[in-house]
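K.L.:
I would like to see how this sequence folds:
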Amino acid sequence: MKYHLSLSSYIIMEVKEKLQVSLIEGQFEPKEAMDILQNLISQKVNFHLVKNFNSEVRYGVKSTKSLNRIKALKEANIEIQELIEKAAKQGYQLSVKANIQIEFI
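P.N.:
This is a model prediction of the structure:
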(Lines give C-alpha, C1' and ligand atoms only; values in the text may rest on other atoms or scores of the structure.)
Protein backbone atom coordinates (compact mmCIF):
# COMPACT_ATOMS: atom_id res chain seq x y z
CA MET A 1 0.00 0.00 0.00
CA LYS A 2 1.43 3.39 -1.01
CA TYR A 3 0.94 6.55 0.98
CA HIS A 4 1.08 9.98 -0.53
CA LEU A 5 1.36 12.96 1.75
CA SER A 6 1.90 16.41 0.46
CA LEU A 7 4.81 18.36 1.77
CA SER A 8 2.46 21.09 2.93
CA SER A 9 0.95 18.73 5.50
CA TYR A 10 4.33 18.64 7.26
CA ILE A 11 5.08 22.33 7.15
CA ILE A 12 3.68 24.52 9.84
CA MET A 13 4.05 28.17 8.97
CA GLU A 14 4.10 30.72 11.72
CA VAL A 15 2.66 34.02 10.60
CA LYS A 16 4.56 36.86 12.14
CA GLU A 17 2.81 40.11 12.90
CA LYS A 18 5.99 42.12 12.44
CA LEU A 19 9.05 41.69 10.24
CA GLN A 20 12.22 43.71 9.75
CA VAL A 21 14.50 43.10 6.78
CA SER A 22 17.82 44.70 5.93
CA LEU A 23 17.36 45.92 2.36
CA ILE A 24 20.69 47.70 1.96
CA GLU A 25 23.72 47.29 4.17
CA GLY A 26 27.28 47.97 3.16
CA GLN A 27 30.07 50.31 2.23
CA PHE A 28 29.94 51.73 -1.27
CA GLU A 29 31.86 53.96 -3.59
CA PRO A 30 29.87 57.16 -4.21
CA LYS A 31 28.89 56.03 -7.74
CA GLU A 32 27.59 52.71 -6.41
CA ALA A 33 25.65 54.40 -3.61
CA MET A 34 24.16 56.86 -6.11
CA ASP A 35 23.08 54.04 -8.44
CA ILE A 36 21.47 52.01 -5.66
CA LEU A 37 19.65 54.91 -4.05
CA GLN A 38 18.59 56.54 -7.33
CA ASN A 39 17.07 53.24 -8.50
CA LEU A 40 15.24 52.74 -5.21
CA ILE A 41 13.82 56.27 -5.19
CA SER A 42 12.94 56.06 -8.88
CA GLN A 43 10.93 52.88 -8.27
CA LYS A 44 9.05 54.53 -5.40
CA VAL A 45 8.31 57.64 -7.48
CA ASN A 46 7.06 55.48 -10.36
CA PHE A 47 4.84 53.51 -7.96
CA HIS A 48 3.19 56.72 -6.78
CA LEU A 49 2.89 58.11 -10.32
CA VAL A 50 0.97 54.99 -11.34
CA LYS A 51 -1.13 55.13 -8.18
CA ASN A 52 -2.02 58.76 -8.89
CA PHE A 53 -2.80 57.98 -12.53
CA ASN A 54 -5.10 55.14 -11.47
CA SER A 55 -6.89 57.44 -9.03
CA GLU A 56 -7.44 60.02 -11.77
CA VAL A 57 -8.74 57.42 -14.23
CA ARG A 58 -10.99 55.58 -11.75
CA TYR A 59 -12.29 58.41 -9.59
CA GLY A 60 -11.50 61.58 -11.51
CA VAL A 61 -9.38 62.95 -8.66
CA LYS A 62 -5.68 63.09 -8.00
CA SER A 63 -4.21 61.13 -5.10
CA THR A 64 -3.02 63.81 -2.70
CA LYS A 65 -1.18 61.18 -0.69
CA SER A 66 0.78 59.97 -3.73
CA LEU A 67 1.52 63.51 -4.95
CA ASN A 68 2.83 64.49 -1.51
CA ARG A 69 4.95 61.36 -1.39
CA ILE A 70 6.41 62.07 -4.85
CA LYS A 71 7.34 65.58 -3.72
CA ALA A 72 8.98 64.26 -0.53
CA LEU A 73 10.90 61.58 -2.45
CA LYS A 74 12.19 64.12 -4.98
CA GLU A 75 13.33 66.43 -2.18
CA ALA A 76 15.07 63.53 -0.43
CA ASN A 77 16.69 62.58 -3.73
CA ILE A 78 18.22 66.06 -4.07
CA GLU A 79 19.62 65.86 -0.53
CA ILE A 80 21.04 62.40 -1.21
CA GLN A 81 22.67 63.56 -4.44
CA GLU A 82 24.27 66.53 -2.69
CA LEU A 83 25.68 64.35 0.10
CA ILE A 84 27.03 61.74 -2.30
CA GLU A 85 28.60 64.38 -4.54
CA LYS A 86 30.29 65.90 -1.49
CA ALA A 87 31.61 62.48 -0.45
CA ALA A 88 32.93 61.87 -3.98
CA LYS A 89 34.72 65.22 -4.11
CA GLN A 90 36.36 64.56 -0.75
CA GLY A 91 37.32 60.96 -1.61
CA TYR A 92 35.05 59.20 0.88
CA GLN A 93 33.22 55.92 0.64
CA LEU A 94 29.71 55.74 2.05
CA SER A 95 28.05 53.44 4.53
CA VAL A 96 24.45 52.89 3.48
CA LYS A 97 21.83 51.06 5.52
CA ALA A 98 18.14 50.73 4.75
CA ASN A 99 15.77 48.60 6.75
CA ILE A 100 12.23 47.62 5.84
CA GLN A 101 9.79 47.16 8.71
CA ILE A 102 6.44 45.49 8.04
CA GLU A 103 3.71 45.25 10.65
CA PHE A 104 0.09 44.21 10.80
CA ILE A 105 -2.16 47.24 11.37
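
K.L.:
secondary structure class for Gln101?
P.N.:
Under DSSP: H, G, I helix; E, B strand; the rest coil, Gln101 falls in the strand class.

K.L.:
bridging residues for it?
P.N.:
Gln20 (DSSP bridges).

K.L.:
What residues does it make contact with?
P.N.:
When contacts are counted by Cβ atoms under 8 Å, 6 or more residues apart in numbering, Gln101 touches 18-20. Backbone N, C-alpha and C define where each C-beta goes, glycine included.

K.L.:
run the last query once more with 10 Å
P.N.:
By Cβ atoms under 10 Å, 6 or more residues apart in numbering, Gln101 lies in contact with 18-21.

K.L.:
same check, this time on Lys86
P.N.:
30, 92.

K.L.:
what helix or strand does it sit in?
P.N.:
Using DSSP states H and E, Lys86 sits within helix 64-89.

K.L.:
Buried residues, that helix. List them.
P.N.:
Across helix 64-89, burial judged by 16 or more other Cβ atoms under 10 Å covers 66, 69-70, 73, 77, 80, 84, 87-88.

K.L.:
Let me see the mean pLDDT of it.
P.N.:
For helix 64-89, the mean pLDDT works out to 98.

K.L.:
So in this structure, which helix runs the longest?
P.N.:
Ranked by residue count under DSSP state H, the longest helix found in the chain is helix 30-59.

K.L.:
Can you tell me the centre-most residue of the protein?
P.N.:
Leu40 (5.7 Å; Cα atoms, centre = their mean).

K.L.:
how much space is there between that one and Ile24?
P.N.:
8 Å (Cβ to Cβ, to the nearest Å).

K.L.:
Common neighbours of those two, please.
P.N.:
Counting by Cβ under 10 Å, 6+ apart, the residues touching both Leu40 and Ile24 are Ala98.

K.L.:
just for the protein, where's the confidence low?
P.N.:
Residues of the chain meeting the criterion pLDDT under 70: 1-15.

K.L.:
how does it look with 50?
P.N.:
Scanning the chain with the threshold set as pLDDT under 50 gives 3-5.

K.L.:
centre of the chain versus stretch 81-98, how much separation?
P.N.:
Chain-centre distance of stretch 81-98: 20 Å, with Cα atoms, centre = their mean, to the nearest Å.
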